[in-house]
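**Q** got a sequence here, can you model it:
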Amino acid sequence: MNWFEALLLGILQGLTEFLPISSSGHLELGSYFLKTNNADNLLFTVIVHFATAISILYVFRNDIKKLIQSMLKFEKNSETIFISKILISAIPVGIVGIFFEEKVESLFNGNIILVGSMLLITALLLAFTYFQKNNSKNEISYYDALIIGIAQAFAIIPGISRSGATISTALFLKINKKEATRFSFLMVLIPIFGIVFLKIYKGAMN
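**A** A predicted model of the protein is given here:
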């Protein structure tokens with residue numbers, strides 16, 4: 001992958017990351033049409049998602065600051081409870097990432113049939129949320145966090161939008177849009193930083 005291809009894919013990532021349309025799926029399509037080396041796809045996806053995590057840290061900096069301050073008090077409150085729910089939501093994707101790493105990596109091989117099929121599933125999922133009118137819950141339960149986490153684990157497949165899957169699942173669980181969106185973007189920080197540190201660790205060991 002040369003610098004021009006990386007620039008184009010980076011722009012594509014920036015345009016699609018905060019929309020529920022699967023940035024990883026669009027990166028796979030972009031890589032296919034640019035005829036980049038498939039071996040570079042997953043690593044590039046990890047790198048640009050790390051950049052996305054930095055932007056999320058900035059956008060939600062006040063929320064994150066409050067969560068960190070509450071955590072350092074070492075007492076149970078609404079913020080530490082919220083953090084525990086974030087941790088629970090990371091369990092499913094953590095299990096998939098650790099125990100099925102090679103299978104996950106094999107998905108990023110330029111298979112546009114798979115990507116196209118998953119994009120259609122994402123579209124259907126988003127369409128169904130249109131009919132979900134009663135979203136009155138202001139708080140996510142531990143059970144909700146786990147179910148949303150499972151949705152995030154499925155979004156490892158390129159073409160399944162992570163934000164689309166997690167927000168839609170939250171809406172189906174009757175959670176209001178504002179809280180669903182906030183939880184969706186904060187919950188992704190652990191998996192992104194987790195995979196980055198894992199890649200760094202494996203690189204150092206090799």
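
**Q** can you report phi and psi for Ile175?
**A** When read as degrees, to the nearest 10, the backbone of Ile175 gives phi -90, psi 140.

**Q** bridging residues for it?
**A** Beta-bridge partners for Ile175, by DSSP bridges, are Lys137.

**Q** hang on, isn't it packed against Lys137?
**A** Yes. Judged on C-beta atoms under 8 Å, Ile175 makes contact with Lys137 at a distance of 4.7 Å. Backbone N, C-alpha and C define where each C-beta goes, glycine included.

**Q** quick one: common contacting residues for these two?
**A** Common contacts of Ile175 and Lys137, defined by C-beta atoms under 8 Å, 6 or more residues apart in numbering, comprise Asp144.

**Q** so which of these two has more stuff around it?
**A** Using other C-beta atoms under 10 Å as the criterion, Ile175 and Lys137 rank with Ile175 on top: 23 against 15.

**Q** ok, so what distance separates that one from Ser136?
**A** Distance of Ile175 to Ser136, given as C-beta to C-beta, to the nearest Å: 9 Å.

**Q** how about stretch 128-148: buried residues?
**A** Neighbour counts over stretch 128-148 (16 or more other C-beta atoms under 10 Å) mark Thr129, Asn135, Ile140, Asp144, Ala145, Ile147, Ile148 as buried.

**Q** in a helix, the last one, correct?
**A** Yep, that's Ile148 we're talking about. Yes. According to DSSP: H, G, I helix; E, B strand; the rest coil, Ile148 belongs to a helix.

**Q** show me the contacts for it.
**A** Counting by C-beta under 8 Å, 6+ apart, Ile148 makes contact with Ser89, Ile140, Thr166, Thr169, Ala170, Leu173, Phe183, Ser184, Met187.

**Q** now those residues in TSV, with pLDDT, secondary structure and distance to Phe100?
**A** Shown next, in TSV, are the contacts of Ile148 (pLDDT from 0 to 100; DSSP: H, G, I helix; E, B strand; the rest coil; distance: C-beta to C-beta, whole Å):
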residue	pLDDT	secondary structure	distance to Phe100
Ser89	97	helix	18
Ile140	95	coil	26
Thr166	97	helix	19
Thr169	96	helix	21
Ala170	95	helix	25
Leu173	94	coil	26
Phe183	96	helix	25
Ser184	96	helix	23
Met187	96	helix	20
